[in-house]
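Asker: Got a predicted structure plus its sequence, pasted below:
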Amino acid sequence: MDAAAAAAAARAEPLLGGSPPTPRALLSPRARLLALLATSLTVLLSLAAFRAPSAAAAATLPSLLPPPLLDQRLDEEGWPIIDRPTDRPRACWGIVSAGRIAHDFTAAAVGMGACVHAVAAAQLPAARARAAAFAAAFRLPRAYDSYAALAADPNVSMVYVAAVNVAHARLARFFLLHGKHVLLEKPATLTLGAFDELAAIARARRLLLVTNFWTRWFPTMRWARAIVHSGMIGRVVHVAGDMAFQAVRHHDGALDRFFNASLLGGATLDMGSYLCMYASTFLDASLEVEDYALDNWSVQAEGVVEGGVDTETAFLIGHVGGAHAAMGTSLKRASDFAVRVMGTHGMVHILGVAISPLAAEVTVYADASLRTESPRPCCGMPLVSTTSFKSVLPPYPAWTGESEQYPHAMGMVYVAAAFEECMYDPDCTELPELPLEEQRLLVQLAWKVLDRVGVYKGVQGV
Ligand SMILES: NC(=O)C1=CN([C@@H]2O[C@H](COP(=O)(O)OP(=O)(O)OC[C@H]3O[C@@H](n4cnc5c(N)ncnc54)[C@H](OP(=O)(O)O)[C@@H]3O)[C@@H](O)[C@H]2O)C=CC1
Ligand SMILES: O=C1OC[C@@H](O)[C@H](O)[C@H]1O
């Protein structure tokens with residue numbers, strides 16, 4: 001292991017969780033012996049199922065296992081290590097819009113040493129001054145007050161589209177047609193038709209089109225996925241998540257995007273889209289072949305609609321494999337922003353803020369299906385192990401004089417690094433962490449939720 005990898009491993013090491021008192025202590029001596037045998041068997045089977053990195057690890061309890069190896073390279077401060085070519089120009093970003101998340105992404109990108117060449121602000125008033133101030137703060141060479149000027153800049157090969165939801169389809173189409181690779185803020189589009197058009201352009205021109213579900217590239221998410229895929233918690237049967245906050249109604253004197261139907265606001269297209277992403281991530285985790293056809297998924301939803309947007313929504317997503325997700329989102333109440341992935345004999349708990357998760361915990365219980373004695377009628381299986389995972393973010397670049405707008409903003413480095421690395425690989429046409437077909441499914445799942453709740457019916461082209 002080289003020094004950087006060792007530093008990264010140290011930063012992302014599992015913290016061995018203290019186990020709560022085992023319920024076994026409450027059983028009779030005979031039941032205790034049986035439980036011990038069952039637990040030992042479960043431990044052995046868990047170990048067999050777990051893709052441990054070395055044979056030595058297979059001799060230890062699951063709670064002592066190292067996490068699955070993460071193929072993510074980070075330096076001592078937590079910055080991604082990128083193999084940039086030395087024999088040709090670097091790929092440079094253009095930032096489309098100068099709003100809140102655009103600040104966050106740009107801070108992460110300049111912090112990690114990426115080339116951010118220009119920003120364009122073009123929709124809200126004072127575009128020229130806003131773009132100039134943005135460029136000055138992040139020391140970008142160019143500031144434009146039109147998106148067309150940014151699209152014409154030959155130094156920009158990839159753009160980050162950070163405008164409000166209603167502009168996503170239009171701007172992604174515009175920049176793809178100008179030959180730029182596009183990292184597009186979520187939700188990619190409202191309608192399937194709009195997404196399919198974007199995907200067709202991207203494929204035809206061999207351009208990257210990636211919805212910015214940045215969660216997918218977080219070390220915590222990679223760890224959680226690896227744990228679930230290892231079989232350590234058994235077969236996934238249920239995912240539960242809740243993401244809600246009391247959104248501000250007004251921003252800079254106008255109705256904020258959250259409550260603004262003309263900007264495609266509402267809880268589902270905001271945080272609900274992450275919950276759809278979590279459902280897609282884990283519900284089919286046990287299938288050998290990933291299948292993103294909507295026919296394999298069912299959606300039910302209830303919601304409260306105010307001013308044309310959903311402000312409180314609960315939805316269920318079912319997968320043909322039998323697993324299901326129960327999700328809640330709201331613009332009007334608090335939440336722990338956590339997601340729990342429940343398997344037949346264990347659970348991965350992705351701690352809030354699960355949009356940009358820095359910590360998770362896996363709990364493994366004895367597998368009742370492997371026990372020989374009559375199962376107890378209720379409640380709680382003997383605990384086998386609890387293992388935690390934590391990661392740290394690289395520091396915000398203080399020299400910008402800016403500060404983060406959204407939690408864990410520096411976590412944008414992970415998706416930015418993956419995107420940039422793909423730019424240097426002639427064979428890379430999609431990011432494996434979020435293929436186009438899955439992005440398409442995510443558009444459809446959110447659309448189904450909204451359809452059931454009764455908003456945005458009949459809207460086309462966005
Ligand atoms: N991945 C993530 O973690 C996050 C993603 N997001 C997503 O990013 C997008 C932007 O969110 P955020 O930065 O909070 O948004 P802002 O409210 O800050 O607006 C972003 C930009 O959109 C344009 N815009 C804003 N209001 C209007 C309007 N009334 N009419 C037309 N254009 C408008 C402006 O572009 P210009 O500057 O060019 O004038 C503005 O700078 C959303 O799609 C959201 O879902 C948001 C937060 C976190
Ligand atoms: O994508 C997002 O992530 C963070 C949330 O607070 C924000 O509203 C949303 O758009």
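Answerer: Perfect, thanks for sending it. Numbering: from 1, shown residues only. Ligands and ions are numbered 1, 2, ... in the order given.

Asker: Can you get me a residue count around the closest residue to ligand 2 within the stretch 51-200 of the chain?
Answerer: Ranking the residues of the stretch 51-200 of the chain by distance to ligand 2 (CB to the nearest ligand atom) places residue 186 first, at 6.0 Å. The C-beta positions use only the backbone N, C-alpha and C, and glycine is treated the same way. Residue neighbour count, defined by other CB atoms under 10 Å, stands at 23 for residue 186.

Asker: Could you do residue 307 as well?
Answerer: Burial measure for residue 307: 12 neighbouring residues, criterion other CB under 10 Å.

Asker: just to revisit the earlier point, mind checking how far the residue of the stretch 51-200 of the chain closest to ligand 2 is from ligand 1?
Answerer: Between residue 186 and ligand 1 the computed distance is 6 Å (CB to the nearest ligand atom, to the nearest Å).

Asker: Check the closest residue to ligand 1 within the chain and give its pLDDT.
Answerer: Among all residues of the chain, residue 99 sits closest to ligand 1, at 2.5 Å; criterion: CB to the nearest ligand atom. pLDDT, residue 99: 97.

Asker: Please report the distance of the closest residue to it other than its chain neighbours from residue 348.
Answerer: Closest residue to residue 99 in three dimensions, ignoring its sequence neighbours and counting by CB to CB, 6 or more residues apart in numbering: residue 162, at 6.0 Å. With distances taken as CB to CB, to the nearest Å, residue 162 is found 30 Å from residue 348.

Asker: same question, residue 96
Answerer: Where residue 348 is concerned, residue 96 sits at a distance of 35 Å (CB to CB).

Asker: So for those two, which sits in the more crowded spot?
Answerer: Neighbour comparison, residue 96 and residue 348: the larger count goes to residue 96, with 32 against 26 (by other CB under 10 Å).

Asker: Just grab the bridge partners of the more buried one for me.
Answerer: On the basis of DSSP bridges, residue 96 is bridged to residue 120, residue 161.

Asker: residues in the chain within reach of ligand 1, list them.
Answerer: Near ligand 1, the residues belonging to the chain are 97-101, 121-124, 127, 130, 162-165, 185-186, 212, 214, 251, 254, 257, 263, 270, 355, 406 when assessed by CB under 6 Å from any ligand atom.

Asker: So which of the residues you listed belong to strands?
Answerer: Using DSSP state E, the members of these that fall in strands are 251, 254.

Asker: Buried among the residues of the chain next to ligand 1? Make that a PyMOL selection.
Answerer: Filtering the residues of the chain next to ligand 1 down to the buried ones (16 or more other CB atoms under 10 Å) takes a single PyMOL command:
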select buried, resi 97+98+99+101+121+122+127+130+162+163+164+165+185+186+212+214+257+263+270+355
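
Asker: Just the residues of the chain next to ligand 1: which are in helices?
Answerer: Mapping the residues of the chain next to ligand 1 onto helices (DSSP state H) picks out 100-101, 127, 130.

Asker: Farthest pair within those residues?
Answerer: Comparing all pairs in those by CB to CB, the longest separation belongs to 101 and 127, at 17.2 Å.

Asker: Name the nearest residue to residue 180, sequence neighbours excluded.
Answerer: Take residue 180 and drop its neighbours on the chain: the residue closest to it by CB to CB, 6+ apart is residue 159, 4.8 Å away.

Asker: Could you look up the SS state of the one you found?
Answerer: Each residue gets one of three states, and residue 159 gets strand by DSSP: H, G, I helix; E, B strand; the rest coil.

Asker: and it, how many neighbours?
Answerer: Count around residue 159 with other CB under 10 Å applied: 28.

Asker: Show the pLDDT at it.
Answerer: In this prediction residue 159 is given a pLDDT of 99.

Asker: any idea how far the residue of the stretch 51-200 of the chain closest to ligand 2 is from residue 264?
Answerer: Taking CB to CB as the measure, residue 186 falls 11 Å from residue 264.

Asker: Residue 195 too?
Answerer: As judged by CB to CB, residue 195 and residue 264 stand 14 Å apart.

Asker: same thing with residue 257?
Answerer: The gap separating residue 257 from residue 264 is 8 Å, by CB to CB.

Asker: and if you look at residue 122?
Answerer: In this structure, residue 122 lies at 18 Å from residue 264, with CB to CB as the measure.

Asker: try residue 347
Answerer: For residue 347, the distance to residue 264 under the criterion CB to CB works out to 34 Å.

Asker: Who are the contact partners of the closest residue to ligand 2 within the stretch 201-350 of the chain?
Answerer: Using CB to the nearest ligand atom, the point where the stretch 201-350 of the chain gets nearest to ligand 2 is residue 270, with a distance of 4.6 Å. By CB atoms under 8 Å, 6 or more residues apart in numbering, the contact set of residue 270 is 247, 258, 329, 331.

Asker: swap in residue 379?
Answerer: For residue 379, the set of contacting residues under the criterion of CB under 8 Å, 6+ apart is empty.

Asker: What pLDDT is listed against it?
Answerer: 73.

Asker: ranges for the helices of the stretch 1-150 of the chain?
Answerer: Counting by DSSP state H, counting those that start in this stretch, the stretch 1-150 of the chain has helices at residues 3-11, 29-49, 100-111, 127-138, 147-151.

Asker: residue ranges with poor pLDDT in this protein?
Answerer: Applying pLDDT under 70 to the chain picks out residues 1-70, 285-290, 374-377, 380.
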